[in-house]
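K.L.:
below is the sequence, then the predicted model.
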Amino acid sequence: MIGWRARRLSAAALVLLLLSACRGAAPSAPPAAPAFVPVSAEDQLSAMHRGMNVLDEDPLWDDPAAALFQPRHFARLRDAGFDTVRINLHPFVHSDASGQIDPTWLATLDGLVKAALDDGLTVILDEHDDSLCERDVAACGPRLRAVWEQLAGRYRHAPNRLLFEILNEPHDRLTAAVWNDMLRDLLATVRATNPQRNVVIGPAGWNAVDQLKTLDLPADDPHIIVTVHYYRPVRFTHQGARWVAETANLSGITWGTDAEMAQLVKDFDAVRAWADAQHRPMLLGEFGAYDKADMASRVRYISAVARVAEAHGFPWAYWQFDSDFTAYDIRRDDWVRPILQALVPP
Ligand code: GLC
């Protein structure tokens with residue numbers, strides 16, 4: 001009898017407790033910050049499907065008050081079907097002569113990383129400072145090392161959904177031989193504070209698919225995701241792009257013949273074969289078509305690349321959210337619908 005009463009009382013107390021908790025009356029401790037839990041490169045990749053390159057040219061890096069991109073855009077991305085963002089970083093211009101990164105810039109990055117992780121996204125911190133390295137390896141190596149000492153140290157306890165990409169599109173003076181040495185040095189810098197975080201690395205030669213064969217990774221490090229970028233044929237994807245001399249004056253080039261489609265599939269078959277032979281998970285970190293191509297061809301191209309990548313098991317990140325290759329019209333604050341639907345079919 002007494003036992004029954006005690007049980008009945010405790011059940012009543014439980015109901016009261018639950019009710020007060022529902023009303024928000026019961027004080028509760030905030031959840032502990034999620035500590036880093038190692039995840040294999042393969043498992044990490046399988047949680048990534050559709051991604052977006054963001055923030056490359058946003059004025060917020062110089063002046064947070066001038067931001068076009070707002071933290072709420074991470075939720076906009078997630079709600080549209082994206083699970084990954086690749087944040088394009090240019091810390092060199094925000095560092096002093098000794099390589100120390102400006103605290104205001106770091107605070108801006110902290111806020112963005114937190115907002116994106118809180119929205120459930122996987123976040124790649126992409127060091128996008130390849131243009132000094134293309135002409136001066138001796139100057140760029142130590143600066144990259146300083147960047148990664150600071151960023152890797154700063155985010156060493158971040159959840160495993162934060163990944164580091166040590167350098168975007170190494171090229172020119174950063175030949176494959178030079179890059180294969182430098183990537184070891186930078187990886188060791190990261191590993192000093194992040195022994196098991198997954199790191200994204202692509203081949204020299206602009207991360208191009210046909211350069212994978214030149215990439216030499218440390219065989220004893222399993223926490224590497226390999227990345228490639230795909231802009232073939234450049235005369236289509238970069239027509240009218242002022243920064244590519246060979247294609248700056250081109251216009252009116254369409255895409256979508258059977259032969260072009262077959263070439264795309266053949267290129268991705270070769271990437272799949274390399275990834276299988278090397279036992280490395282593969283991310284398509286950039287692809288896209290510049291705004292000057294006709295919209296029908298851009299839609300054909302973007303949806304073909306995305307679907308072929310998916311069929312080969314490669315998560316992808318589109319280049320880019322706003323500014324050019326535009327998926328999102330940030331001044332109108334809405335998607336460029338045909339591009340969004342090419343990326344994420346309704
Ligand atoms: C690379 C460049 C970027 C350019 C894009 C497309 O990521 O770093 O500046 O817009 O490719 O050409």
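P.N.:
Here it is on my side, so go on.

K.L.:
the stretch 201-346 of the chain against the ligand: which residues are in contact?
P.N.:
For the stretch 201-346 of the chain, the residues in contact with the ligand (CB under 6 Å from any ligand atom) are E286, W319. All C-beta spots, glycine's among them, are computed from the backbone N, C-alpha and C.

K.L.:
show me what contacts the nearest residue to D83 once chain neighbours are set aside?
P.N.:
Distances taken as CB to CB, 6 or more residues apart in numbering put H49 closest to D83, at 5.6 Å, once the chain neighbours are dropped. By CB atoms under 8 Å, 6 or more residues apart in numbering, the contact set of H49 is D83, T84, E310, P315.

K.L.:
which helix or which strand is home to the third one?
P.N.:
In the assignment (DSSP states H and E), E310 maps to helix 295-311.

K.L.:
any idea which helix or strand comes after that helix?
P.N.:
strand 316-318.

K.L.:
what's the following helix or strand after that next one?
P.N.:
Where DSSP H and E defines the elements, the next helix or strand beyond strand 316-318 is strand 328-329.

K.L.:
wait, A208 touches T227, no?
P.N.:
No: counting by CB atoms under 8 Å, A208 stays clear of T227, with 11.1 Å between them.

K.L.:
more neighbours: the two, which one.
P.N.:
Using other CB atoms under 10 Å, the more surrounded residue of A208 and T227 is T227, with 24 against 20.

K.L.:
mind checking pLDDT for the more buried one?
P.N.:
Predicted confidence (pLDDT) at T227: the value is 99.

K.L.:
for the closest residue to G141 other than its chain neighbours, give me its contacts.
P.N.:
Take G141 and drop its neighbours on the chain: the residue closest to it by CB to CB, 6+ apart is M182, 5.9 Å away. M182 makes contacts with V137, G141, L144, L167, P170, L174, as judged by CB under 8 Å, 6+ apart.

K.L.:
so which of those residues is the most crowded?
P.N.:
That'd be P170 among the contacts of M182, by other CB under 10 Å, with 28 neighbours.

K.L.:
just to revisit the earlier point, for the ligand, see how far away the residue nearest to G141 is.
P.N.:
18 Å (CB to the nearest ligand atom, to the nearest Å).

K.L.:
in what helix or strand does that residue lie?
P.N.:
Since the elements are taken from DSSP H and E, M182 ends up inside helix 176-191.

K.L.:
quick one: mean pLDDT for that helix?
P.N.:
Per-residue scores along helix 176-191 average to 98.

K.L.:
next one: stretch 235-249
P.N.:
Averaged across stretch 235-249, the pLDDT comes to 98.

K.L.:
who's in contact with the helix or strand containing L144?
P.N.:
Assigned by DSSP H and E, L144 belongs to helix 137-154. For helix 137-154, contacts defined as CB under 8 Å, 6+ apart pick out 91-92, 95, 98-101, 106, 110, 125, 127, 129, 132-133, 164, 166-167, 173-174, 178, 182, 185-186, 189-190, 192-194, 197.

K.L.:
what element comes up after it heading to the C-terminus?
P.N.:
strand 162-165.

K.L.:
show me how far that next one is from its chain's centre.
P.N.:
In this view, strand 162-165 has its centroid 8 Å away from the chain centroid, taken as CA atoms, centre = their mean, to the nearest Å.

K.L.:
before we move on, what about stretch 215-222?
P.N.:
The answer for stretch 215-222 is 21 Å, by CA atoms, centre = their mean.
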